[in-house]
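>>> Got a predicted structure here, sequence first:
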Amino acid sequence: MERPSLEFNLPDTHEEGKLYVVDSLNNLNKLNVCPAESQHSLDEEENTGGTGESMAGSNTRNQCLFFVTFILTLTLSLALVSFVIFLIFQTRNEVDQISSRLLSEKKNIEELKKLNNIILKHLNQSRIKE
């Protein structure tokens, strides 16, 4: 498949007109050769003069954004971990208090059982004597 020739016989025009025609032909060639996605990057390169200034600025911005996001994520993670540790200690204290109450109530119940047995023995003995 042959490519159409991009050479044109232009009448004598001013130098500025020739540059405009060449730029137009270059843009047309870029549209035909490059896919749509890469055209955007080519346009950016033209705007910066091809020095890569926008890419360097973009990389710096991306690195800064990544760093800030990373620091915020670490801070949030640290806060959440601290909160979980606080909740664990609070829960442990509550469980300790409840277990100590249960132990004291168990002792009270055992004492009440002993007293009940003593009262029953005493009643049984008094019935026998009657």
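Perfect, thanks for sending it.
>>> Might you list the low-confidence residue ranges for this structure?
1-20, 22, 31-55, 130 (pLDDT under 70).
>>> Have a look at the chain and report its longest helix.
The single longest helix within the chain, with elements called by DSSP state H, is helix 53-129.
>>> by contact count, what packs against it?
helix 36-47 (3 or more Cβ pairs under 8 Å, 6 or more residues apart in numbering; DSSP states H and E). To be clear about C-beta, it is placed using only N, CA and C from the backbone, and glycine gets the same treatment.
>>> Next up, identify which helix or strand residue 29 is on.
According to DSSP states H and E, residue 29 maps onto helix 15-33.
>>> For residue 27, the count of nearby residues, please.
14 (other Cβ atoms under 10 Å).
>>> where's it relative to residue 122, distance?
According to Cβ to Cβ, to the nearest Å, residue 27 stands 115 Å off from residue 122.
>>> Equivalent analysis for residue 97, please.
From residue 97 to residue 122 the distance is 38 Å (Cβ to Cβ).
>>> One more: residue 114?
Residue 114 is 13 Å from residue 122, by Cβ to Cβ.
>>> and what of residue 30?
Relative to residue 122, residue 30 is positioned 112 Å away (Cβ to Cβ).
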